[in-house]
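Asks: sharing a model prediction with you, sequence too.
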Amino acid sequence: MTDLSPVLDQADRNLASSLDRLFELVRIPSISTDPAYKAECQKAAEWLVERLTALGFKASVRPTPGHPMVVAHHDAGRADAPHVLFYGHYDVQPVDPLNLWENDPFEPMIKDLGDGRKVLTGRGTSDDKGQLMTFVEACRAYKDVHGSLPVKVTILFEGEEESGSPSLKPFLEANARELKADYALVCDTSMWDAETPAIAATLRGLVGEELTVTAADRDLHSGLFGGAAANPIHILTQILAGLRDETGRITLPGFYDGVEETPANIKASWDTLGRDAEGFLGEVGLSEPSGEKGRSVLELTWARPTCEVNGIWGGYTGEGFKTVIAAKASAKVSFRLVGAQDPAKIRESFRSYVRSHIPADCSVEFHEHGGSPAIQLSYDSPVLTKAKTALSDEWPKPAVVVGMGGSIPIVGDFQTYLGMDSLLVGFGLIDDRIHSPNEKYDLNSFHKGIRSWIRILSAL
């Protein structure tokens, strides 16, 4: 028997009490977006500090202008052990509409779905209380058996993730020295499927822009002025149409600076996952990929940059018909970034391109809507390799390394303020109904999630 076996066995023995503790936390309605639940968010933070302190962590509630942070530290059994920062969030989404819940969202229970599948129901069971408690309970099993942890651990639990994390960046900046570790562990993602664990190695960055093109000083009669006066809707739509060429590539100068090709072995592994264009797009009533030609849908959504028009308006859009040439036309445009693309350079390239297409007697105004770089963990990173092996030892199918088309700002913040890469490992499933009524978390995800963190901590 290895040193790991008794820890895994202890996690199995602890499962019932681990569920009791999770259910205690879920019963606290820590809804961060509603001021009426401010005291409940404070209560959840205090509950976590009390449980972590009982485990031997030096834990404290840290006030912020919003909801408090929870910070905890625990030394390793070895002086030369690596140092990890584990992140999660204790706040949850509102439960509206309440009438669509089958049970009280803050009275968790175990429900049998048949075919041997049992789930934990309640708001926060998956996002993110169940996920963060898998790590806490892994630490508990280690402490029960060995009296120590295999790595030095700092924990950061925030209470505003579901409301935009307004206090997080200032907190990271002010406490960077205390929170700095070798790398971060983030458990707020999903498995590939119920039997296949996943590590997210890439997160796309984001640049958001709103632009307004102004022509005449007022709306004009299209009969009197049509054909002579500049139409800002024509100008704007021509600009937007020119952002991509016939092959789907973005035309902005320098746009692909810092974009590297995905390694062939990684693309080959994605090809084995069985997600083709027909199946992926068929779920939303489409069939043909519209991005860069000759690339798979997984490569397009995980590893390639994008330019999308998210909204466009101008002129008369009410009922009936009004023959008007609008004075203004506006659009919202977003860019998803990959690799080493620079958000500031992308924004300036976009603005320069737009300005170059504005007639001399017209004008354009821009409004910035955030910008963050992409995150990419090296595919051959020792940390990723160790975690992949550890997960593959626990689950029925080998772990897969995936990309994420969206953005998780905390990962970029860790890199910006703490200089740390992040390992993203989560045990949610696509049918967990997070942010929706009847949120659930598979009992198997919770149980094997605990065992997975034990294996990862041991491997690290």
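Replies: All right, it came through fine. Just so we're clear, the structure is a prediction, and the values are computed from it rather than from any experiment.
Asks: so what secondary structure elements neighbour the helix or strand containing residue 401?
Replies: Using DSSP states H and E, residue 401 maps to strand 400-404. Under the contact definition 3 or more C-beta pairs under 8 Å, 6 or more residues apart in numbering; DSSP states H and E, strand 400-404 sits against strand 198-203, helix 264-271, helix 297-302. Every residue, glycine included, has its C-beta placed from N, CA and C.
Asks: would you turn these into JSON lines with distance to residue 374 and mean pLDDT?
Replies: JSON lines is the format used below for the helices and strands packed on strand 400-404 (distance: least, C-beta to C-beta, whole Å; pLDDT from 0 to 100):
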{"stretch": "strand 198-203", "distance to residue 374": "6", "mean pLDDT": "92"}
{"stretch": "helix 264-271", "distance to residue 374": "15", "mean pLDDT": "92"}
{"stretch": "helix 297-302", "distance to residue 374": "11", "mean pLDDT": "94"}
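Asks: out of those, flag the one nearest residue 225.
Replies: With C-beta to C-beta as the criterion, residue 225 lies closest to helix 297-302 of these, at 42.7 Å.
Asks: using PDB, write down the CA coordinates of that closest one.
Replies: Output in PDB follows, covering the C-alpha atoms of helix 297-302 (Å, rounded to 0.1, in the frame of the first residue of the first chain):
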ATOM      1  CA  VAL A 297     -15.000  23.500 -34.500                       C
ATOM      2  CA  LEU A 298     -12.900  22.800 -31.400                       C
ATOM      3  CA  GLU A 299      -9.900  24.600 -32.800                       C
ATOM      4  CA  LEU A 300     -12.100  27.500 -33.800                       C
ATOM      5  CA  THR A 301     -13.700  27.800 -30.400                       C
ATOM      6  CA  TRP A 302     -10.700  27.000 -28.200                       C
END
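Asks: that one - contacts with which helices or strands?
Replies: helix 264-271, helix 277-282, strand 400-404.
Asks: what angle sits between the helix or strand that comes right after the shortest one and strand 198-203?
Replies: Following strand 400-404 in sequence order, the next helix or strand is helix 409-418 (DSSP H and E). Following axes from the mean of the first three to the mean of the last three C-alpha atoms, to 10 degrees, one obtains 60 degrees for the angle between helix 409-418 and strand 198-203.
Asks: from residue 228, how far off is the residue nearest the centre of the chain?
Replies: For the chain, the residue nearest the mean C-alpha position is residue 408 (3.4 Å; C-alpha atoms, centre = their mean). From residue 408 over to residue 228 the distance is 51 Å, taken as C-beta to C-beta, to the nearest Å.
Asks: and if you look at residue 452?
Replies: In this view, residue 452 and residue 228 are 68 Å apart by C-beta to C-beta.
Asks: how about residue 46?
Replies: Taking C-beta to C-beta as the measure, residue 46 falls 69 Å from residue 228.
Asks: who's more crowded, those two?
Replies: Set side by side, residue 46 and residue 228 show more neighbours around residue 46, with 14 against 8, by other C-beta atoms under 10 Å.
Asks: what residues are up against the more buried one?
Replies: Residue 46 is in contact with residue 61, counting by C-beta atoms under 8 Å, 6 or more residues apart in numbering.
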